[in-house]
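when you get a sec, could you give me coordinates for this:
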Amino acid sequence: LFMTGAIFPGALVSLDGHGFLFDGAFVDTDIYTEHTQSVTINGFDCNIVLFTNYQIFCFYTGTQSTEYEVVVTVNSISSNQTEDEQDMPIINSITPLSASPALVTTFTLSGEAIDTNLDNITIIFENADYSYFCGVCDATETQISCILNGGEPGVYNVRVTDSDSNAYDMNGGQQVTLGLNVADLQPKTGSQAGGTLLTITGDHFSTEASQNQITVGVRNVICDIESFTETEITCRTRQNDVGYDSAQSVAVLQRVSFEANCDPAVCSFEYSDSATPTITNVIKIDDFNYRLEGSLFVDGDLVVYVDGVQADNLVVNEIDQEAEFTVPSTAHGGLIEITAHVSGYGNAVFQNTEDAWISIPHSIASVAPLVGSQSGSILTVTGQGFSKSLIIEFGNGESCEIVGEIGPQEFQCEASGAASGELNVIQDTVSVAAGISYAATYAPQVSTIADSTAEIIFTLTGYTDIAPIAQFDLKLSNEQY
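Okay, the predicted model is just below:
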């Protein structure tokens, strides 16, 4: 009761409490006729003019007094009744106290004397701007579980009512906060070429990849997410193509529209020249070994890639800021790109962009078979450094048509029936002789065809010198076969 001193007839009295009729309304509304609520002070009526589930305003009709006994009666239950007489349900706590605004969350309300009939319980999360139902999914005498399908970020009062619209006692009030929160983001600077791995810690992040999004700066450059849990997200920055030249804000979003709460000093990232690994020189040691010179080379953190494949035998000299590596045998040959990455910084840039490309020659180890059919044969060529596009020719000018994809160490081609002579591989206009000759020598012929109900048998002649390893494709030109 908010009164000091004497109370006079006609005084407007404000009562604060809980368990009042839940719907704030004037006394002549439908809800007041459906459910009863009254206030007496020292036995005199206090005529209600406005109320909510936690506050009542009324005009006092009694005599002047410096002492007052206030009784509020709701649906025949009076505030001066004992707990046993009222047997009023009460909610003492709610968990969790915070949740994501974008995700489905199950809340648990703990208390006493709870109705176990789910149909008799209504739970609403509300504030001055929004109101959401939390769908009741389970109830015991001491606990209620409900599911909330997210909502706008903010602090919400939790209200529970029964089938008669009577409000549960919320033990002074229960509140839940909907929102994403970021506690930390590291590192704060990274390479101009991108590739910096950002680690963001906080709470209520989604465990579904499609729900999370991280952007950098006013132009919303995407940071590609690599891992995510409820409390941590990692993402890798993209190249600074938009020309950011100062620290930029980092936005942590959920379902695109919900942005996490974050101190601007925490959610900040800067593309920095001083944090950009730089390769100043590429030196060829031999066909398959190279040396890099540059800055920010860190042993154990520097990784070099050739044609997208991690280089072999990498040795880093941090004192001289040099690194030597071997072209991996599984890399394609020809004119190919080398890239480098340093953990903690990001991708390296080349002082001279032409240095990012090196020419890897190919070598041939074997060709099989060395003799084949005058009707054409499939040859398998093995070696190292084959480019993704090359041409195969024989000494007599006949070609060998590529079959399928060209691997860095193996490919197949189909020789024509007239092919013969030394095999030559032409890669980036450079022809390399295999040192291996091929000859289309054998001419298998179909001499007889015998059929039965179970199978058709073909008898071949003219191939016995290379059997049983030879394989032949049989092509039928007569439609009856």
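
mind checking which helix or strand Cys46 is in?
Here Cys46 is covered by strand 44-51, with elements defined by DSSP states H and E.

and the contacts of that strand?
Residues outside strand 44-51 that contact it (C-beta atoms under 8 Å, 6 or more residues apart in numbering) are 12-13, 20-21, 24-27, 37-40, 56-63, 70. Every C-beta, even on glycine, is put in place using the N, C-alpha and C of the backbone.

now with 7 Å?
Counting by C-beta atoms under 7 Å, 6 or more residues apart in numbering, strand 44-51 makes contact with 13, 20-21, 24, 26-27, 37, 39-40, 56-62, all of which sit outside it.

tell me the mean pLDDT for that strand?
Confidence over strand 44-51 (mean pLDDT, whole number) is 91.

the very next helix or strand once past it vs strand 44-51, what angle?
If you walk from strand 44-51 toward the C-terminus, the next helix or strand you reach (DSSP H and E) is strand 55-60. Using axes from the mean of the first three to the mean of the last three C-alpha atoms, to 10 degrees, the inter-axis angle of strand 55-60 relative to strand 44-51 is 140 degrees.

now whichever helix or strand comes after strand 55-60: buried residues?
Counting by DSSP H and E, the next helix or strand C-terminal to strand 55-60 is strand 70-74. For strand 70-74, a neighbour-count test (16 or more other C-beta atoms under 10 Å) marks 70, 72, 74 as buried.

tabulate those residues (a markdown table), appending distance to Gly217 and pLDDT.
As requested, the buried residues of strand 70-74 are arranged in a markdown table below (distance: C-beta to C-beta, whole Å; pLDDT from 0 to 100):
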| residue | distance to Gly217 | pLDDT |
| --- | --- | --- |
| Val70 | 60 | 90 |
| Val72 | 57 | 91 |
| Val74 | 56 | 85 |
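
just give the nearest non-adjacent residue to Gly404, would you?
Spatial nearest neighbour of Gly404, chain neighbours left out: Gln412 (6.2 Å); criterion: C-beta to C-beta, 6 or more residues apart in numbering.

same deal with Gly10?
Nearest to Gly10 is Phe59, by C-beta to C-beta, 6+ apart, at 6.0 Å.

just list the residues touching that neighbour, thanks.
Counting by C-beta under 7 Å, 6+ apart, Phe59 touches 10, 12, 46-47, 49.

which of those ranks first by neighbour count?
For these, counting by other C-beta atoms under 10 Å, the largest number of neighbours falls to Cys46: 26 neighbours.

list the beta-bridge partners for that one.
Judged by DSSP bridges, the bridge partners of Cys46 are Tyr60.

for Phe133, same thing?
Here Phe133, judged by DSSP bridges, has bridge partners Ile124.

quick revisit: of the contacts of strand 44-51, closest to Gly217?
Proximity of the contacts of strand 44-51 to Gly217 was ranked by C-beta to C-beta; the top entry is Gly24 with 45.4 Å.

give me the number of residues near Leu296?
Counted with other C-beta under 10 Å, the neighbours of Leu296 add up to 21.

that one contacts Gly344, doesn't it?
No - at 9.0 Å, Leu296 does not count as touching Gly344 under the criterion of C-beta atoms under 7 Å.

what pairs with the helix or strand where the residue nearest to Gly404 lies, and is each one parallel or antiparallel?
Per DSSP H and E, Gln412 falls inside strand 410-415. Sheet partners assigned to strand 410-415 using DSSP bridges are listed as strand 377-384 (antiparallel), strand 400-403 (antiparallel).

and the helix or strand following that strand, what other elements does it pack with?
Past strand 410-415, further along toward the C-terminus, the next helix or strand under DSSP H and E is strand 420-427. In terms of contacts (3 or more C-beta pairs under 7 Å, 6 or more residues apart in numbering; DSSP states H and E), strand 420-427 is packed against strand 391-393, strand 430-442.

now strand 420-427: how far from the chain's centre is it?
Once both centres are worked out by C-alpha atoms, centre = their mean, to the nearest Å, strand 420-427 turns out to sit 49 Å from its chain's centre.

which residue is nearest the centroid of the chain?
Per C-alpha atoms, centre = their mean, the C-alpha nearest to the average position across the chain is that of Ala209, at 2.9 Å.

might you report the residue contacts of that one?
For Ala209, the set of contacting residues under the criterion of C-beta under 7 Å, 6+ apart consists of 225, 228.

what's the answer for Ala340, then?
Going by C-beta under 7 Å, 6+ apart, the list of residues near Ala340 reads 277, 279, 302-304, 348.

of those, which is the nearest to Thr116?
For those, the residue nearest Thr116 by C-beta to C-beta is Val303; the value is 60.9 Å.

quick check, pLDDT for that closest one.
The pLDDT attached to Val303 in the predicted structure is 97.

for Gly17, which non-adjacent residue is closest in space?
If you skip the residues right next to it in sequence, Gly17 has Tyr54 as its closest partner in space, 6.5 Å away by C-beta to C-beta, 6+ apart.

so that neighbour touches Leu21, yeah?
No - applying C-beta under 7 Å, one finds Tyr54 not in contact with Leu21, separated by 10.6 Å.

these two: who's more crowded?
For Tyr54 versus Leu21, the count of surrounding residues by other C-beta under 10 Å is larger for Leu21: 24 against 19.

Val74 is in contact with the more buried one, correct?
Yes - in this structure, Leu21 is within contact of Val74 by C-beta under 7 Å, at 6.2 Å.

so for stretch 256-270, what's the average pLDDT?
Per-residue pLDDT over stretch 256-270 has a mean of 91.

contacting residues around the strand holding Gln412?
Identification of contacts with strand 410-415 by C-beta under 7 Å, 6+ apart yields 372, 376-382, 386, 392, 400-404, 438, 440.

same check on stretch 100-109?
In this structure, residues lying in contact with stretch 100-109 by C-beta under 7 Å, 6+ apart are 91, 94-95, 99, 134, 143-153, 160, 178-180, 204, 206, 211, 254-255, 258.

please check the residues you listed and keep the buried ones.
In terms of neighbour count (16+ other C-beta under 10 Å), the buried residues within these are 91, 94, 99, 134, 144-146, 148, 150-151, 153, 160, 178-180, 204, 206, 211, 254-255, 258.

done for today, thanks.
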